[in-house]
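1. got a sequence here, can you build the structure:
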Amino acid sequence: MDTKVVNRSEHDVQQLVQTVERLERMVAIGQMLNSTLDLSQLLETIISTASELVGTQAASILLMDERTGELFFAAATGSSREELRKIKVPLVGSIAGTIYKTREPLIVADVSGDARHYAGVDQSTKFQTRSLLGVPLLVRTRCIGVLEALNKINEEPFNEEDIRTLSAMASHAAIAIENARLVASLREANQRLSELDRLKSNFISIASHELRTPLMIVQGFASFLREQASGDMTSDLDMVLRGASKLQAIIDQMTNLNYLEAGLSELKQEKIIVQELIAELEEEWRPLAAAKQQNLHVNMPPTPILIRGDRGKLNLAFSNLLNNAVKFTPENGHIEIHVILHTGRVEITVVDTGIGIPKEELTRIFDRFYQVEDHLTRHHGGLGLGLAIAKEVIEQHNGRIWAESVEGQGSRFRVILPALFEHL
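-> Predicted coordinates:
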């Protein structure tokens with residue numbers, strides 16, 4: 001057999017083995033890149049691997065700065081990384097800019113003879129670039145940057161195999177970079193939202209605290225003057241007191257929301273007789289219902305029903321339900337509270353003959369700050385917190401709450417709480 005033929009066959013086999021090894025390496029690299037979401041670590045992995053695969057002295061990644069419309073060195077091998085990060089590469093008149101705009105690989109065999117070579121980079125890094133292979137970083141049809149390999153170690157020119165290898169590497173790298181950026185943006189957005197939530201909670205806490213003291217002074221003096229007044233002055237002071245009561249209710253809701261959001265949700269567990277809890281609520285709310293000429297009726301079984309929970313929080317939850325009923329029920333309307341004992345649970349229902357709730361709104365009325373009425377045209381006050389607070393309190397007690405309503409025919413709020421089987 002001809003020696004030349006044998007040598008050619010051995011060379012072809014060797015080339016094939018190298019290609020297979022390179023492909024296996026690319027598969028492993030793709031898996032590794034897709035498992036890394038830390039952008040800095042990802043960029044370092046890309047440049048070191050690219051330099052290794054193509055056999056070059058150095059490699060770098062330039063990414064597009066959307067604010068300036070220029071490329072910047074996001075990562076580079078060598079010891080002058082900080083200097084490189086300060087350099088901005090324009091799209092016009094630079095090799096990287098040409099690759100970015102054409103979205104095609106580019107080999108420059110001798111950069112010293114190419115006017116597009118940005119010599120300032122070599123001067124800043126004390127690195128002499130002789131030859132260069134660059135490929136675009138493409139995410140679908142969008143270019144996000146350029147991957148460059150510099151100076152073949154064996155001084156051979158870059159070839160088509162190098163282009164295929166670096167292009168395949170860039171395909172994996174571009175997707176991995178985009179994913180890492182999206183995750184970083186999401187984390188940053190979450191941090192901003194957390195900070196805004198903290199500021200909001202602080203504002204509610206400060207505002208409710210600062211408003212409470214002057215409001216108490218207004219209520220105190222108005223009540224004192226009301227006792228001494230007569231004639232038209234009486235109705236005027238009544239109006240002041242009603243306005244102060246509305247403001248007091250808003251402050252209370254702000255305080256309660258902040259209390260719940262702060263995570264101070266430890267329940268003061270005690271045994272509670274449901275009938276006593278409802279009787280306290282009836283006594284508190286009957287005068288307010290009477291002021292609107294509403295009929296408040298309570299229907300409870302005579303046998304005491306026991307539950308375990310935080311009396312203050314449960315009072316708050318049911319007060320918000322009754323406040324909702326009184327607010328949205330017109331004069332001469334009816335409000336009812338029903339208590340029914342089931343097996344292992346007690347059902348407490350607040351029914352009104354108010355304006356009702358549109359069917360499409362029933363699943364949203366328990367959201368914080370949600371208002372059924374448009375904020376520009378609504379006729380009823382409040383911050384949209386009462387039902388949200390009621391839901392959170394009931395769920396803290398391992399209970400359930402939901403609403404049933406027909407628009408124009410009133411609403412029914414049902415609460416289910418675990419009952420105790422103990423006897424008094």
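2. when you work out contacts or count neighbours from here on, use the C-alpha atoms and nothing else.
-> OK.
3. okay, now residue 212: neighbour count?
-> Applying other CA atoms under 10 Å, we find 14 residues neighbouring residue 212.
4. pLDDT on whichever strand or helix holds residue 179, on average?
-> Applying DSSP states H and E as the criterion places residue 179 in helix 160-228. What helix 160-228 shows for mean pLDDT is 82.
5. from the contact counts, what lies against that helix?
-> Where contact means 3 or more CA pairs under 8 Å, 6 or more residues apart in numbering; DSSP states H and E, helix 160-228 is packed against helix 3-34, helix 39-54, strand 132-139, strand 142-152, helix 232-261.
6. ok, 7 Å please
-> When contacts are defined as 3 or more CA pairs under 7 Å, 6 or more residues apart in numbering; DSSP states H and E, helix 160-228 packs onto helix 3-34, helix 39-54, strand 132-139, helix 232-261.
7. now do that helix against strand 142-152, angle only.
-> 140 degrees (axes from the mean of the first three to the mean of the last three CA atoms, to 10 degrees).
8. what's opposite the nearest residue to residue 296 once chain neighbours are set aside in the beta bridge?
-> Spatial nearest neighbour of residue 296, excluding adjacent residues (CA to CA, 6 or more residues apart in numbering): residue 335 at 4.8 Å. Note on residue 335: beta-bridge partners by DSSP bridges are residue 296, residue 352.
9. residue 335 and residue 351 touch, don't they?
-> Yes. Contact criterion CA atoms under 7 Å: residue 335 and residue 351 qualify, at 5.6 Å.
10. quick one: low-confidence ranges for the stretch 51-200 of the chain?
-> Scanning the stretch 51-200 of the chain for pLDDT under 70 picks out the ranges 78-82, 120.
11. domains for the protein, by residue range?
-> Split into domains by automatic domain parsing, the chain comes to 3-188, 190-261, 270-418.
12. now do the spatially closest residue to residue 215 that is not a sequence neighbour: how many residues are near it, please.
-> Among residues not flanking residue 215 along the chain, residue 244 sits closest, at 7.0 Å (CA to CA, 6+ apart). Counted with other CA under 10 Å, residues neighbouring residue 244 total 17.
13. how near is residue 244 to residue 212?
-> Distance, residue 244 to residue 212, using CA to CA, to the nearest Å: 11 Å.
14. distance of residue 329 from residue 52?
-> For residue 329 relative to residue 52 (CA to CA), the value is 77 Å.
15. in stretch 60-71, which residues are buried?
-> The neighbour-count check on stretch 60-71 (16 or more other CA atoms under 10 Å) flags 60-64, 70-71 as buried.
16. quick one: contacts of that stretch?
-> 47, 72-77, 88-91, 144-149 (CA atoms under 7 Å, 6 or more residues apart in numbering).
17. buried ones only from those residues, please, as a ChimeraX command.
-> In ChimeraX, this line selects whichever of the contacts of stretch 60-71 come out buried by 16+ other CA under 10 Å:
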select :47,72,73,74,75,76,88,89,90,91,144,145,146,147,148,149
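18. got the contact list for the closest residue to residue 355 other than its chain neighbours?
-> Closest residue to residue 355 in three dimensions, ignoring its sequence neighbours and counting by CA to CA, 6+ apart: residue 408, at 4.6 Å. Neighbouring residues of residue 408 by CA under 7 Å, 6+ apart: 354-356.
19. count of residues packed around residue 348?
-> Residue 348 has 22 neighbours, counted by other CA under 10 Å.
20. any idea which element it lies in?
-> Using DSSP H and E, residue 348 falls in strand 345-352.
21. helices or strands up against that strand?
-> strand 334-342, strand 411-418.
22. the first one to strand 411-418, inter-axis angle?
-> Interaxial angle of strand 334-342 relative to strand 411-418 (the same axes, to 10 degrees): 30 degrees.
23. now do strand 334-342: distance to the chain's middle.
-> Taking CA atoms, centre = their mean, to the nearest Å, one finds the center of strand 334-342 at 39 Å from the center of the full chain.
24. convert the C-alpha atoms of that strand to PDB, please.
-> Taking C-alpha atoms only, strand 334-342 is exported to PDB below (Å, rounded to 0.1, in the frame of the first residue of the first chain):
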ATOM      1  CA  HIS A 334     -81.500  44.500  57.200                       C
ATOM      2  CA  ILE A 335     -78.200  43.000  58.600                       C
ATOM      3  CA  GLU A 336     -78.200  39.500  60.200                       C
ATOM      4  CA  ILE A 337     -75.600  37.400  62.000                       C
ATOM      5  CA  HIS A 338     -76.200  33.600  62.100                       C
ATOM      6  CA  VAL A 339     -74.300  31.100  64.100                       C
ATOM      7  CA  ILE A 340     -74.600  27.400  63.200                       C
ATOM      8  CA  LEU A 341     -72.800  24.500  64.800                       C
ATOM      9  CA  HIS A 342     -71.700  21.700  62.400                       C
END
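25. I am finished for the moment; much appreciated.
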